[in-house]
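>>> Got a predicted structure plus its sequence, pasted below:
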Amino acid sequence: MSAGVPGWVEAVVAVLLVLSGLFVLVSAFGFLRLPDFFLRMHPPALAYTLASWCVGLAGILYFSLHAGRPLLHPWLIVVVLSITVPVTTLLLARVALFRRRSAGADDTPPPLSTPPSA
Amino acid sequence: MSSILSFAVAFALACYTVASLLVLVRLVRGPRAQDRIFALDLLYIHGMLVMLVLGIRYASDLYFEAALLIGLLGFVSSSALAKFLLRGEVIE
């Protein structure tokens, strides 16, 4: 069953793909331009969430209308990303904090695990 | 595959390419190891998105499985590298 995709669905898929490309471009530009690691952690969230949601929605629309039945498997990518990305991001933030502390920077907050010396 | 959809696919792939080059500049420039790991993780995500868009382009399901594998391997590799930087070894 080929050529079974109507024109407006192709237009919606095209708009979603263009949006995801723009989101990825903006996130990479911010990742390159921002001066500090903790500032730099924020723009990739655009690529992790909005860009992958756009591509997932486009995949669902395109494959569902191509096969003639609802196919939701592209959303599995989004679910996997929403589980794995916070783990990676939090680990990297802890790495940056740990390495900055052990390098002797004085602009880091004290560790939360030890009680403050009153 | 209409012309508007093929244009959108080409535009998205071009955007991913330029974004990957920008991230590659950050990967080379550093300045510290955590920046490089984050850039590598972002490159994995870009590769995954390229696979998904190619799957739409060729209307094939094989690209979806490749994208899922790339996403999972990106998670494993960047969390292993982060763990190494944090503790000095990956599995204690």
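Thanks, I have the structure now.
>>> Which residue ranges of the chain form helices?
Went with chain A since none was named. With helices called from DSSP state H, chain A shows them at A:7-33, A:37-40, A:44-46, A:52-67, A:75-102.
>>> ah, no, chain B please
Using DSSP H, helices in chain B cover B:3-29, B:33-58, B:62-87.
>>> Distance to B:Pro31 and mean neighbour count added to the helices of chain A, as a markdown table?
Yep, even glycine has a C-beta here, placed from its N, CA and C like the rest. A markdown table is the format used below for the helices of chain A (distance: least, C-beta to C-beta, whole Å; neighbours: other C-beta atoms under 10 Å in any protein chain shown):
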| stretch | distance to B:Pro31 | mean neighbour count |
| --- | --- | --- |
| helix A:7-33 | 13 | 20 |
| helix A:37-40 | 9 | 16 |
| helix A:44-46 | 17 | 19 |
| helix A:52-67 | 28 | 22 |
| helix A:75-102 | 12 | 17 |
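>>> possible to save those as CSV with distance to chain B and mean pLDDT?
Shown next, in CSV, are those (distance: least, C-beta to the nearest C-beta, whole Å; pLDDT from 0 to 100):
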stretch, distance to chain B, mean pLDDT
helix A:7-33, 3, 91
helix A:37-40, 6, 87
helix A:44-46, 5, 91
helix A:52-67, 5, 89
helix A:75-102, 4, 89
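>>> These: which one's closest to B:Ile4?
Proximity to B:Ile4, assessed across the helices of chain A by C-beta to C-beta, is greatest for helix A:7-33 (4.9 Å).
>>> other SSEs contacting the closest one?
Judged by 3 or more C-beta pairs under 8 Å, 6 or more residues apart in numbering or on different chains; DSSP states H and E, the packing partners of helix A:7-33 are helix A:44-46, helix A:52-67, helix B:3-29, helix B:33-58.
>>> contacting residues around the shortest one?
With contact meaning C-beta atoms under 8 Å, 6 or more residues apart in numbering or on different chains, helix A:44-46 is reached by A:23-24, A:26-27, A:30-31, B:38, B:41-42, B:45.
>>> again, but for the second one
Under the criterion C-beta under 8 Å, 6+ apart, residues A:1, A:4-6, A:9, A:12-13, A:16-17, A:19-20, A:23, A:70-75, A:77-78, A:81, B:45, B:48-49, B:52-53, B:55-56, B:59, B:61, B:64 lie in contact with helix A:52-67.
>>> Per-residue pLDDT of B:Ala39, please?
Looking at B:Ala39, its pLDDT is 92.
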